[in-house]
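Colleague: Fold the following and give me the result.
(one chain, ligands or ions: 2)
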Amino acid sequence: MKLLVTGGAGFIGSNFIQYMVKKYPQYEIVNVDALTYCGSTDNLTAVEKNANYRFVQGRIEDKAFIRALFEREAFDMVVNFAAESHVDRSLEEPGKFLVTNVLGTESLLEASCRYGVKRYHQVSTDEVYGDLPLEARAMRFTEESPIRPSSPYAVSKASADLLALAYHRSFGLPVTISRCSNNYGPYQFPEKFIPLIISRAEKNQKIPIYGDGQNVRDWLHVADHCSAIDRILHDGKPGEVYNIGGNNEYSNLELVALILEKLKKPESLLTFVGDRKGHDRRYAIDPAKLERELGWKPSYVFAQGIEDTLRWYQENAQWMEKRLNGDFQAYFAAVYPEL
Ligand code: NAD
Ligand code: DAU
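Modeller: Residues are numbered from 1 along each chain as shown. Ligands and ions are numbered 1, 2, ... in the order given. Below you'll find the model as predicted:
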């Protein structure tokens, strides 16, 4: 079995490769990643010497590169994580998101069809459903919820999903799609909320809270996202969409308070800043289909998952420092002029 993982040098992709390399030593796993600002082979040192793992640098929207790669490698399965993934950046440079997330996905779908891939899995997000009101706590996203993306990032992910479904319907490509809630865990780039809180709290720096801080996210440990994709890749039905989530909602203020308490840092670090444009109010995923049809269940309890995560960032302070230097300083100054 030969598996192509794209975007495997990023947060979730690197966790997925580590999981798959160990779980399926008989699989040959090839990681294609452009190594953008947030991707690094540092995230894969644990597996880089394994005989069943290889890294190839390249961009998924580069059709000549992708076609040549597929022709040479004859992949059985493809899992596409490669993406521009940060909502704030999509508000500054939407075009970049369309190139990687839409054209890149189309390039992979085309090559998968042409070279007879037996399973193409598209890693998508709950953000394609837009948001839910804070007041209606019983409402959750199901696979039948309307596609109503808010940000350019979410639009690009929704477009990629629709393309993948069109390749299934029009050309018979065996496609599956997963839409997951917010992930947390090791190797997440510090532009994202949880590693940003940790990195700043450790240095007693102000922590930016957008708007009123009441926005709700549904958090899942990255290891549980990986096990869900594994399940869908092997047992999911072609043409189907599966929601992934752990029924674990927190408002941003609740989340930051919990982390600060565990780090023994004062809540006076919280600093309210201007709201994100178009900021989605609440995400909540109903994972019943995945649980019922494929028997998946998350293994992490949030309190434990977040403690393990805090420990990982504390034990890997150099990893974090490397990411906070250089370009990140200019990015931070542009997004958070108040701080
Ligand atoms: P990330 O930003 O940490 O990693 C993205 C990776 O893709 C990086 O290694 C980057 O170098 C690579 N990449 C970017 N553009 C590329 C291109 N043109 N060609 C090849 N590689 C390219 O993202 P992440 O948080 O690990 O997310 C991975 C996937 O999971 C994305 O598709 C994202 O939409 C989806 N997702 C993320 C979350 C989350 O909470 N982080 C939740 C649900 C779904
Ligand atoms: O729901 C899945 C999505 O989760 C993925 O598709 C995205 O790739 C991923 O980035 C994530 O999107 P969010 O926008 O929800 O994540 P982020 O970590 O950027 O923000 C989480 C919440 O915290 C959100 O309500 C915005 C808020 N926030 C974020 C930052 C960076 C702040 O209040 N302050 C901040 O500085």
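Colleague: Relative to the whole chain's centre, how far out is the strand or helix carrying Thr309?
Modeller: Here Thr309 sits within helix 302-315, counting by DSSP states H and E. Distance of helix 302-315 from its chain centroid, counting by C-alpha atoms, centre = their mean, to the nearest Å, is 18 Å.
Colleague: the helices in this protein, which residues?
Modeller: Taking DSSP state H as the test, the helices found in the chain are 11-23, 63-73, 87-92, 94-97, 105-114, 152-171, 193-202, 222-235, 252-263, 288-294, 302-315, 317-324, 327-335.
Colleague: how close does Thr45 get to Thr36?
Modeller: Separation of Thr45 from Thr36 (C-beta to C-beta, to the nearest Å) stands at 19 Å. In short, each C-beta sits where N, CA and C put it, glycine included.
Colleague: Please apply the same query to Ala288.
Modeller: 35 Å.
Colleague: Tell me which of the two has more neighbours.
Modeller: Remark: of Ala288 and Thr36, Thr36 carries more neighbours, 17 against 14, as counted by other C-beta atoms under 10 Å.
Colleague: Now for that one: which residues touch it?
Modeller: By C-beta atoms under 8 Å, 6 or more residues apart in numbering, the contact set of Thr36 is Glu84.
Colleague: Could you check how far it is from ligand 1?
Modeller: Applying C-beta to the nearest ligand atom, to the nearest Å, the value for Thr36 to ligand 1 is 4 Å.
Colleague: All further residue positions should be reported with the first residue as 7.
Modeller: Will do, 7 is the new start, and the previous item becomes Thr42.
Colleague: re earlier: what does the helix holding Thr315 contact?
Modeller: 190-192, 200-201, 204-205, 208, 225, 227, 252, 254, 264-265, 268-269, 326.
Colleague: 6 Å - rerun?
Modeller: Under the criterion C-beta atoms under 6 Å, 6 or more residues apart in numbering, residues 190-192, 204, 227, 254, 268 lie in contact with helix 308-321.
Colleague: So which of those residues is the closest to ligand 2?
Modeller: Among those, Tyr190 lies closest to ligand 2 (C-beta to the nearest ligand atom), at 8.9 Å.
Colleague: What residues does the stretch 57-206 of the chain have near ligand 2?
Modeller: Neighbours of ligand 2 within the stretch 57-206 of the chain, by C-beta under 6 Å from any ligand atom: 91-93, 131-133, 187-188, 198-199, 202.
Colleague: before we move on, what about the stretch 207-345 of the chain?
Modeller: Residues of the stretch 207-345 of the chain that fall close to ligand 2, judged by C-beta under 6 Å from any ligand atom: 214-216, 221, 223, 258, 282, 289.
Colleague: do you know how far the residue nearest to Gly16 when sequence neighbours are not counted is from ligand 2?
Modeller: Nearest in space to Gly16, with sequence neighbours left out and distances taken as C-beta to C-beta, 6 or more residues apart in numbering, is Gly45 at 4.9 Å. With distances taken as C-beta to the nearest ligand atom, Gly45 is found 14 Å from ligand 2.
Colleague: show me where pLDDT drops low in the stretch 207-345 of the chain?
Modeller: For the stretch 207-345 of the chain, no stretch has pLDDT under 70.
Colleague: Show me which residues of the protein are close to ligand 1?
Modeller: 12-13, 15-19, 39-42, 44-45, 65-67, 87-91, 106, 110, 129, 131, 163, 186, 188-189, 195.
Colleague: re the thing from before, top of the residues of the stretch 207-345 of the chain next to ligand 2 by neighbour count?
Modeller: The residue in these with the most neighbours, by other C-beta under 10 Å, is Tyr289 (23 neighbours).
Colleague: OK, contacts around that one?
Modeller: Going by C-beta under 6 Å, 6+ apart, Tyr289 touches 132, 187, 223-224.
Colleague: again, only using 8 Å
Modeller: Contacts were defined as C-beta under 8 Å, 6+ apart; by that measure Tyr289 touches 132-133, 135, 137-138, 147, 187-188, 222-224.
Colleague: Which one (most neighbours) among those residues?
Modeller: Neighbour max across those (other C-beta under 10 Å) = Asp132, 28 neighbours.
Colleague: Provide a list of residues in contact with that one.
Modeller: Counting by C-beta under 8 Å, 6+ apart, Asp132 touches 147, 185-187, 224, 249, 251, 289, 291.
Colleague: same thing with Gly45?
Modeller: Neighbouring residues of Gly45 by C-beta under 8 Å, 6+ apart: 13, 15-16, 19, 39.
Colleague: Closest one of these to ligand 1?
Modeller: Nearest to ligand 1 among these, with distances taken as C-beta to the nearest ligand atom, is Gly16, at 2.0 Å.
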